[in-house]
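Undergrad: what's the 3D shape of this:
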Amino acid sequence: MDSTEGNNLQVELEEGREKESPTTEPQSSQADPKHVNVSLVKQNQAAKSKDQKITSYEIQASKENPHTMTLPHLVRKVPESDLTPRPWTTFNQILCLSYISVLFFFPIGAFANKYAWKAIRTYRKGLYVLAKKWAKPAIILSYIAVLVGCIVITVIVLVVKKIL
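TA: As a prediction, this is how the structure comes out:
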């Protein structure tokens, strides 16, 4: 005998018991503890017949790439160290570097910070290629901001020394 045939027989037997025993208790409290799975099947079938709708998850495409859908249970987790450029191992280190670059030279450091945050957000969404794409310019702009900041500070110090 098939398991589905056995379940069908159990459902029919349970329906027959419910018809034979007139009680004032609701149907959910009449469920036999041994046949909980059958009563859940009946409840699910009753819910399907009432709604006639199949529920599904709504998947929204991301702003960065509208053609990409990320399903969390299907995404393979990639370590951050594989996505960040060499001396850096996490996106938080890149973010700290971008904050330091903001201190050295604000205009370029602000863009580095923007790209670092984009990299972190896309990594958390599971869009690893985009995270790698945004991490690289964040680091390059951070280096440029620190270099330009050092040059500006040196020039200011030399000009002040010459004036005095």
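Undergrad: any low-confidence regions in the protein?
TA: Within the chain, the stretches with pLDDT under 70 are 1-75.
Undergrad: and if we set it to 90?
TA: Scanning the chain for pLDDT under 90 picks out the ranges 1-83, 86, 125-127, 164.
Undergrad: how's this protein carved up into domains?
TA: For the chain, automatic domain parsing gives the domain ranges 3-51, 80-163.
Undergrad: how about residue 102, what does it touch?
TA: Shown in contact with residue 102 (Cβ atoms under 8 Å, 6 or more residues apart in numbering): 109, 110, 112, 113, 145. Quick note: C-beta positions are derived from backbone N, CA and C, even for glycine.
Undergrad: and the residues you listed, which are buried?
TA: For these, a burial check counting by 16 or more other Cβ atoms under 10 Å picks out 109, 112, 113, 145.
Undergrad: Can you tell me which helices and strands the helix or strand hosting the last one packs against?
TA: Remark: residue 145 resides in helix 128-163, with elements defined by DSSP states H and E. The contact analysis (3 or more Cβ pairs under 8 Å, 6 or more residues apart in numbering; DSSP states H and E) places helix 128-163 against helix 80-83, helix 91-104, helix 106-125.
Undergrad: Looking at those, spot the one closest to residue 132.
TA: helix 80-83 (4.5 Å; Cβ to Cβ).
Undergrad: quick check: angle from the helix holding residue 145 to helix 106-125?
TA: Interaxial angle, helix 128-163 versus helix 106-125 (axes from the mean of the first three to the mean of the last three Cα atoms, to 10 degrees): 160 degrees.
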